[in-house]
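Engineer: Pasted the sequence and its predicted model underneath.
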Amino acid sequence: IIDFGMAVRIPYANDGITRNLIAAQPRCGKLPYMCPEIYRSVPFDGHAADLWPTAISMFKLILEFHPWPFPSPLDPFYRKMTEVYLVAVCRNGFRLDQSDISDTSLHLLERMLQSNLTDRLISLEEIRALLDP
């Protein structure tokens, strides 16, 4: 799966390690896959912006439906699922059990789809650490 979307270079600080935010860009891409920062047209972390649609794709591939039509707190499913309630919404609201999706997959999605960037998994290293403690 590849999506060049904005195809912008991720800026790094002079130390070559610290990522800088990318300046706000016009909306680009399909709404269901758009990360909240791009949807709101605010500066964003390029890695986090790339991992968000990966999580949406994983959700869609496993469950065969989009979690929400667009990333907005006006949508009740978006609001609940991106504020640490994704597992509860999927298990209780959508009535999904272990045969539909594993707890590990749900917890991974929950951490990748946090609307608050400081709570979101934003690197492959963080994802690996969650899956292989």
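Structural biologist: Yep, that arrived. A quick note: this is a predicted structure, and the numbers were derived from the prediction, not measured. Numbers count the residues shown, from 1 in each chain.

Engineer: Please report how far the most centrally placed residue in the chain lies from residue 32.
Structural biologist: For the chain, the residue nearest the mean C-alpha position is residue 52 (2.7 Å; C-alpha atoms, centre = their mean). As judged by C-beta to C-beta, to the nearest Å, residue 52 and residue 32 stand 11 Å apart. C-betas here are computed from N, CA, C, even on glycine.

Engineer: ok, now residue 20?
Structural biologist: 28 Å.

Engineer: Of these two, which one has the most company?
Structural biologist: For the pair residue 20 and residue 32, the greater number of neighbours falls to residue 32 (16 against 12), based on other C-beta atoms under 10 Å.

Engineer: Convert the C-alpha atoms of the lengthiest helix in the chain to CSV, please.
Structural biologist: Longest helix of the chain, by residue count under DSSP state H: helix 46-63. Coordinates of the C-alpha atoms in helix 46-63 are reproduced here as CSV (Å, rounded to 0.1, in the frame of the first residue of the first chain):
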residue,chain,number,x,y,z
GLY,A,46,5.0,13.5,9.0
HIS,A,47,5.5,10.1,10.6
ALA,A,48,2.3,10.4,12.6
ALA,A,49,0.4,11.6,9.5
ASP,A,50,1.6,8.5,7.6
LEU,A,51,0.8,6.0,10.4
TRP,A,52,-2.8,7.3,10.8
PRO,A,53,-4.0,6.1,7.4
THR,A,54,-2.1,2.8,8.0
ALA,A,55,-4.2,2.3,11.1
ILE,A,56,-7.4,3.2,9.2
SER,A,57,-6.4,0.7,6.5
MET,A,58,-5.8,-2.0,9.1
PHE,A,59,-9.2,-1.3,10.7
LYS,A,60,-10.9,-1.5,7.3
LEU,A,61,-9.1,-4.7,6.2
ILE,A,62,-9.9,-6.5,9.4
LEU,A,63,-13.4,-5.2,10.1
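
Engineer: what packs against that helix?
Structural biologist: Applying 3 or more C-beta pairs under 8 Å, 6 or more residues apart in numbering; DSSP states H and E, we find helix 46-63 packed against helix 36-39, helix 103-112.

Engineer: how big is the angle separating the last one from helix 46-63?
Structural biologist: Between the direction of helix 103-112 and that of helix 46-63, the angle (axes from the mean of the first three to the mean of the last three C-alpha atoms, to 10 degrees) works out to 140 degrees.
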